[in-house]
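J.: Got a predicted structure plus its sequence, pasted below:
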Amino acid sequence: MRRIRLIAAAGTAVTAGVIAVALPDPRASAAVTGTATGFATGTTGGAGGTTVRATTGTQIHQALCARASGSTPITIEVEGTIDHGNTTKVSGDSCNTAADKIELKEISNVTIVGVGSGATFDQLGIHIRDSSNIIIQNVTVRNVKKSGSPTSNGGDAIGMESTVRKVWVDHVNLLASGGEDAGYDGLFDMKDDTENVTLSYSTLRNSGRGGLIGSSETDTGNTNITFHHNLYENIDSRTPLLRGGVAHIYDNYYVGLNESGINSRAGAKARVDNNYFQNSKDVLGTFYTDAAGYWQVSGNIFDNVTWSAKGSENNPAGPDPVSNTSVSIPYSFALDSASCVPAIVRAAAGANTGLKTSDGKCSTTSPTGGPTSSPTGSPTSSPTTGPSHPSGTNLSIGAGSDGSSKASGTSYGDVRDGNLTTYWSPSGTTGDISIKWGSATTVSRIDVRESAAGVVGSYQVLNGATGAVLRSGTGAGVITFPATSTTKITFRINSASGTPRIAEFETYAS
C-alpha cells in the first residue's frame, strides 16, 4: 500500500487523480486497528487504497477530491488540530465538500484515523451524507455548536443522514461543554435512512444530548445500530434516543445521566445487555412522548439509579426493569460481565488510549493481540484471602469515606470508626463504600468486616481514583492485591444474599 502526504496549498479545486507525492512519512502507522463489529460488521473503509497524511481540514477535503472517483478507497491519517481556520471547501468530481465541516458526502470507501500525537476536530463536526463504508477511528471531536460562533454540522459532533450505510466509529472522544442552551446539539446523531452503524470503545461526555436515531416520530426508517463498550458521562439525555428500528446496546458504562438515558419510543426496539448504570436517573424507558417503544433487558447493573413515576408521557422501565419485547441479533458477540464493564471501559474507551479492547475476561488486549495488564493494572482473578487479621496501622482511621448510597440510620463514617457495633449498609443489596485520603497513600491489603458474616457475595476492589479493578472475588474478609498508590480505595458489592452490613473497612500498607 502506497503512503503519501498531501502538500498542496489550500485551494478551491483539485484535479481528480492528481496529488503531490512525498516520501513515506516516518511517523505513519497502520491505517486501522481491528475490524468492525456489531451491525457494521463487514465495513472496510479505505482498505486496499492509498494512504494519505493530512494535518488540516482542507487537506482532508483535497484527499477526497483527488481520488479517481467517489468510491476509490482511501485512508486519511490525521494528525493535529482540525478547525475552521484550516478547513476550506474543495471542489472536484469525486467530492462534495463544505468549509464549515468535514464533509463525507456522496462518497464511499473512506477511513479517517488519528495517528501520531493525536487528531482533534475542534468546533468542527464530521458530516456523513448519502455515503457508505466509512470508518472513523482514534479521533477527538469537541465543542461543535449549532448556535453562537462558530457553528458546524448543525451542532452534531458526528452526524449521519440521508441513505447512509455501513459506518464504524471506534475509539473516539465526542465532547461538548453544555446543552442546547449553550449552543450544542447531539454528539452522535443518525437520521433519514441510516442503517448498519456501530459505535464502539468511545467516550461521550458533558453534553445535553448523547445522540439520536431518527429526527422525529415519523423518521422511523433508521435501524440496525450497535453501541458497545462506550462511556457516557455527564449527559442529560439521549443515550441514545431511538425512534423506530432496532438497536443493540451492550457492555456500556453510563455514569451521571442527569434526566434520562436510553429512550426507546415510536415503536423502536432496544436490546440492552450487560450494561452498568451508575449515579443516574431514568436510564431506560420511553420518555417525553406517548409513542411507546420497547426493550429487551438482560444482565444489567443499576447502581444508585433513581426512577420517576409513570405518567401519560413517561414510562420508565424501572425500578425493576423487565423485557417487554424480544430482539433477534443476527451477528455473533461476546458479552463481558456487567460488573467488569466500568474498569474495561475506563481503560480502553476513547482516542489515544492504545486502541485496547476487551479480552472477555475482565481485562483488555492490546492491538497486537498480547494481553495488557487488566484494566486495572493487575489480575482480576479471585483474591488471596485469609482469616488472620492484618498487622500494622489501619490507614482508614483518620481518613475520609463515601459511597454510592446508604441505608437509613447508617453512615459512611461507621466503616472507619474502629467500632464493630456500628456499620454502613447500601440502600439495596449492592453498592460502593470507599476510604479516601488527602494525598496519595500506598495500600496492598484490606479487611472488610461484616456485622453479620456471609452476606456479601461477589465484589470488586477498585482504585477509586482511576476506576481500575485491583481484585475481584466473593465474600468479605482479608483481601490482598499489588501495592497501589492512590487517594481512594473502593469496595464494590455486586451481589449479596441480603442487605450487607459493613462494620469496618480497614486498609493497610502491607
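T.: Received, thanks. Residues are numbered from 1 along each chain as shown.
J.: what's I235 in contact with, if anything?
T.: L204, R205, N206, S207, G208, R209, G210, G256, L257, N258, G261 (C-beta atoms under 8 Å, 6 or more residues apart in numbering). C-beta here means a position set from N, CA and C on the backbone, and glycine is covered the same way.
J.: That one - nearest residue in space that isn't next to it in sequence?
T.: Nearest non-adjacent residue to I235, counting by C-beta to C-beta, 6 or more residues apart in numbering: G210, 4.6 Å away.
J.: same thing with L395?
T.: Closest to L395 by C-beta to C-beta, 6+ apart is T507, at 4.4 Å.
J.: can you check V327 too?
T.: R271 (3.8 Å).
J.: same thing with G38?
T.: T226 (2.7 Å).
J.: The one you found reaches A36, doesn't it?
T.: No. Checked against C-beta atoms under 8 Å, the pair T226 and A36 is beyond contact range at 9.5 Å.
J.: which residues are common contacts for these two?
T.: With C-beta under 8 Å, 6+ apart as the test, T226 and A36 both reach T198.
J.: Which strands and helices lie in contact with the one helix or strand the residue nearest to V327 maps to?
T.: Counting by DSSP states H and E, the element that carries R271 is strand 269-273. Other elements packing on strand 269-273 under the criterion 3 or more C-beta pairs under 8 Å, 6 or more residues apart in numbering; DSSP states H and E are strand 246-250, strand 262-265, strand 294-298.
J.: How is this structure divided into domains?
T.: Segmentation of the chain into domains, based on automatic domain parsing, reads 3-348, 377-508.
J.: Looking at the ones you listed, spot the one closest to K361.
T.: domain 377-508 (7.7 Å; C-beta to C-beta).
J.: What average pLDDT does that closest one get?
T.: In this model, domain 377-508 has a mean pLDDT of 85.
J.: now the closest residue in space to R492 that isn't next to it in sequence, which residues is it bridged with?
T.: In space, and not counting its chain neighbours, R492 is closest to Q460: 4.5 Å by C-beta to C-beta, 6+ apart. Per DSSP bridges, the residues bridged to Q460 are S472, R492.
J.: Verify the contact between Q460 and T474 for me.
T.: No. At 10.8 Å, Q460 does not count as touching T474 under the criterion of C-beta under 8 Å.
J.: which of these two has more neighbours?
T.: Using other C-beta atoms under 10 Å, the more surrounded residue of Q460 and T474 is Q460, with 23 against 13.
J.: Can you tell me how far that one is from Q62?
T.: 49 Å (C-beta to C-beta, to the nearest Å).
J.: what about stretch 74-88, how long is it end to end?
T.: 20 Å (C-alpha to C-alpha, to the nearest Å).
J.: Stretch 245-263 too?
T.: Rule used - C-alpha to C-alpha; the end-to-end distance of stretch 245-263 is 13 Å.
J.: Next: stretch 221-240.
T.: Per C-alpha to C-alpha, stretch 221-240 runs 16 Å from first to last residue.
J.: And stretch 281-300, by the same measure?
T.: 15 Å.
J.: cool, and stretch 271-291?
T.: Stretch 271-291: ends 18 Å apart by C-alpha to C-alpha.
J.: next one: stretch 42-57
T.: 28 Å.
J.: Over to stretch 460-480?
T.: 12 Å.
J.: Okay, buried residues for it please.
T.: 460-473, 475-480 (16 or more other C-beta atoms under 10 Å).
J.: ditto for stretch 165-178
T.: R165, K166, V167, W168, V169, D170, H171, V172, N173, L174, L175, A176.
J.: any chance of those in a markdown table, plus distance to S328?
T.: Listed next are the buried residues of stretch 165-178 as a markdown table, based on distance: C-beta to C-beta, whole Å:
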| residue | distance to S328 |
| --- | --- |
| R165 | 20 |
| K166 | 20 |
| V167 | 22 |
| W168 | 22 |
| V169 | 24 |
| D170 | 24 |
| H171 | 28 |
| V172 | 28 |
| N173 | 32 |
| L174 | 29 |
| L175 | 34 |
| A176 | 34 |
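J.: Looking at these, which are in helices?
T.: Here DSSP state H is the test, and the buried residues of stretch 165-178 give no hits in helices at all.
J.: Residue for residue, what is the longest strand the protein has?
T.: strand 431-450 (DSSP state E).
J.: Describe which strands it pairs with in its sheet and in which direction.
T.: Strand 431-450 is paired, per DSSP bridges, with strand 400-403 (antiparallel), strand 477-493 (antiparallel), strand 502-508 (antiparallel).
J.: which phi and psi does R346 have?
T.: Main-chain dihedrals, R346, degrees, to the nearest 10: phi -60, psi -30.
J.: Could you pull up the residues touching it?
T.: L231, Y253, P375, T466, G467, A468.
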